[in-house]
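**Student:** Pasting the sequence and the predicted model now:
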Amino acid sequence: MNNFNLFHKKTVQLFSSVALIIVFNACASLPEAAPIVKRYCVGQGGGFTGDYTEFSFSDDGKVYKRDFVYDRDVYYKDLAPADLEYFVNQITELGLEYEEINQPGNISKYIEIREKESSKNKITWGAPNFNPPEPIEKLFKELYKKLSERP
């Protein structure tokens, strides 16, 4: 009977220790909420293969290339502060956050604004009978060229 009491006492002590550790970890301060990260994306593709190429940059100037196979963004390079300011200003001045263009074609181009993982707005064009406004096409070309340049 003595061994049983000793075993029971050790089991209760072990259980109590584990319970206390769980309670203390649960009461630890919660991490601060991450700030909302805005991401600006440009991409093009489609056609026979359906493949797309996408580059994006965030408010902090980091540039990412989209890996559609593994559904992830891979760090590509840093955008110069002057370029970051220029492109954000262009996107704001053109009102791309609120522009409504949905004219996809066999091969399409797009500019998308995301907050966290959610799309805030996406404009798409490529239909043969549709030409986007010239300033949007110009921005797309500038942005795609700058983001896709090798680091």
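**Tutor:** Ah, there it is.
**Student:** Confirm for me that residue 66 is in contact with residue 55.
**Tutor:** Yes. Using Cβ atoms under 8 Å, residue 66 is in contact with residue 55, at 7.3 Å. Bear in mind the C-beta positions are built from the backbone N, C-alpha and C, glycine included.
**Student:** Need the overlap of contacts for those two.
**Tutor:** 41, 43 (Cβ atoms under 8 Å, 6 or more residues apart in numbering).
**Student:** Could you check which of those two has the larger neighbour count?
**Tutor:** Using other Cβ atoms under 10 Å as the criterion, residue 66 and residue 55 rank with residue 55 on top: 23 against 18.
**Student:** residues in contact with that one?
**Tutor:** With contacts defined as Cβ under 8 Å, 6+ apart, the neighbours of residue 55 are 41, 42, 43, 63, 64, 65, 66, 76, 144, 147, 148.
**Student:** Kindly give a single PyMOL line that selects the buried subset of the residues you listed.
**Tutor:** Applying 16 or more other Cβ atoms under 10 Å to these, the buried members can be selected in PyMOL as follows:
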select buried, resi 41+42+43+63+64+65+66+76+144+147
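**Student:** hmm, which helix or strand of this protein has the shakiest average pLDDT?
**Tutor:** helix 2-26 (a mean of 53; mean pLDDT, DSSP states H and E).
**Student:** who does the next helix or strand along the chain from it pair up with?
**Tutor:** Counting by DSSP states H and E, the next helix or strand C-terminal to helix 2-26 is strand 38-46. Note on strand 38-46: by DSSP bridges, its sheet partners are strand 51-58 (antiparallel), strand 107-115 (antiparallel).
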